Every structure is written in C-alpha cells, then in structure tokens.
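Student: Give me a 3D structure for the following:
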Amino acid sequence: MLLTIPTAATPSWTTLLGFSLLPAIVMIAGAGLAVWRAPGPQLRSAILHFAAGVIFSVVAVELLPDIVQHHAPYEVALGFGLGVAAMLGLRTLTQRLEKQAAAAPASAVVPATTAAPLPWGLLVAIGIDILIDGLLLGIGFAAGAKEGTLLAIALTIELLSLGLATAVELRDGGHSKGRSVAIVAGTSLMLLLGAGIGTTVLRGATGNVLEIVLSFGLAALLFLVTEELLTEAHEEAETPLLTLAFFVGFLLFLLLGMVA
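Tutor: The predicted model follows:
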C-alpha cells in the first residue's frame, strides 16, 4: 500500500535555506583559510577521516533504520541500484574531464595581464558532487528533521575539506587569492540548487517513492565515504591518530543522534 508522507516531514523553504547555507558558508570559509594558510597534509587527512566517520554514522544510525523498517525490498533494490549507477557514472564523467584537462596543451604562454585558465574538469566535477550533496540534504530532511539536521552538519564538515582542497588547487594553478575564494563561493551555490531540487521533488511523495529516494541517497553516501573521502584521506601515510579521527566522528554523531 502506498503511504503518503506527512507534510511536516518536508522542511519549509526557510528551514532548508538555513541548513543549506551552513555547509556553503563553511566551504567558503575553508577556501579563505586555505589561501591564507594552507593546512598541512596530515591535518587535511584528519579532516577527511573525521568527515567520513560522521557521514557513515548518519547512514548507519539514521537513514538505514528508516529504510529497513518499511520492508520494501524491491524499492530499496531499485533505489540503491540507481544510486550506485549514478555515482559510477559521475566518476566516469569526472575522470574523462580530468583527462581532457591534462591533455590540454601546456606549452601555451598566458600573458601576465590575462587570468589563468579555469580548471573546468575539476570545477565541473566538484559542482556535480556538491549538487548531489544538496539532493542528499533534501533526502535527509524527507526522512525526518533529525536526519536532515545531522546530515547537514556532516556535509558541513565534508565541504570544509572540499573548500580547502579546491582553493589550494586554484592557487597552484595561478589564480589570485580573491579569485580562488570567489570561484569556490560560486561553486558552493550548487548545494542550494541541489537542496531546492530535492525538497521540490520530494514534497508530497508517496512512501514507496520516498523509499526509493532514501535508498538512492544511502548508496550515494556510502560511495562518498568509501570511494571519495577515505580514498583521498589515505593518500597520506596512515597513522593511529588519523584512523582514530574516523571513529571519533562516528561516535560523536552516534551519541548526538541518541540524545537529540
């Protein structure tokens, strides 16, 4: 039987805007911090480990129980499969864009008065990633206010790291400090777009449709943790403290979910 999701399960535009602005602002702040004083590789790896633990905790403690309790295996299989396919497709696209950017002629001399060329492969990949993060934020609020709030905090930590990394890449590419921060700020707007699309599509959705969407988000978040955050975090030599950061992030949001 199709169950209609209560209207209260979908956040108001004001609530959604507030929780979407938080990660976007923190991402911009991370870019500003990076151009002022770039974090060392160990600190960035620790942030990535912590963010992975936080997001994995939200998945295990909040999203997964909501999905299991509805006992809709066909919808879960469909949504999960679509999520995996979408993330694999995104990876293929970003890798292709990165290869095209790397194959571009590097011998061309850029005049001093001309701004350095934008790394479109990197920026498109980041923009799509942030757009999906916004969609996941809308999915989280569709599952419940607590789930949405915890996911917003988790994405805030993730985007802090992403803002740091993106600004460092832009500075290495010859962009000024102000231009680097402005580019990151423009890219962060994709989060608001994704969250708006997510909550619009989910408003008034039936229980079975929501189950598909939640399963899609589950797969996307698991992919984000295992294939993006932890992969990047492990580019540095693993130490007990870096590994501990993952479990601290998981435990912190496990306890927060219990008392919230």
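Student: Give me the below-cutoff pLDDT ranges for the stretch 151-260 of the chain.
Tutor: Counting by pLDDT under 70, the stretch 151-260 of the chain contains low-confidence ranges at 202-206, 259-260.
Student: Swap in 90 and give it another go.
Tutor: The stretch 151-260 of the chain contains residues with pLDDT under 90 at 151-177, 180, 192-239, 249, 252-260.
Student: quick one, helices of it?
Tutor: 177-202, 207-223, 230-233, 240-259 (DSSP state H, counting those that start in this stretch).
Student: Could you single out the most deeply buried of those helices?
Tutor: Comparing these by mean neighbour count (mean count of other CB atoms under 10 Å), helix 207-223 comes out on top with a mean of 22. Any C-beta I mention is one placed from the backbone N, CA and C, and that applies to glycine too.
Student: what's the offset of it from the middle of its chain?
Tutor: Centroid separation between helix 207-223 and its chain, computed with CA atoms, centre = their mean, to the nearest Å, is 15 Å.
Student: ditto for stretch 38-58
Tutor: The chain centroid and the centroid of stretch 38-58 are separated by 13 Å under CA atoms, centre = their mean.
Student: Using neighbour counts, pick out the buried residues of it.
Tutor: For stretch 38-58, burial by neighbour count (16 or more other CB atoms under 10 Å) applies to 38-39, 44-58.
Student: Which ones among those map onto helices?
Tutor: 44-58 (DSSP state H).
Student: and which of these is nearest to residue 194?
Tutor: Using CB to CB, residue 55 is the member of these that lies nearest residue 194, at 15.9 Å.
Student: so the closest one touches residue 223, yeah?
Tutor: No. Between residue 55 and residue 223 there is no contact under CB atoms under 8 Å: 10.7 Å.
Student: Residue 234: which of the ones in helices among the buried residues of stretch 38-58 is nearest?
Tutor: Nearest to residue 234 out of those is residue 45 (CB to CB; 7.8 Å).
Student: That closest one contacts residue 231, correct?
Tutor: No. Here residue 45 does not reach residue 231: they are 11.3 Å apart, not a contact under CB under 8 Å.
Student: thinking again about what came up before, redo the helices of the stretch 151-260 of the chain as TSV? Include distance to residue 170.
Tutor: Formatted as TSV, those follow (distance: least, CB to CB, whole Å):
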stretch	distance to residue 170
helix 177-202	4
helix 207-223	25
helix 230-233	17
helix 240-259	26
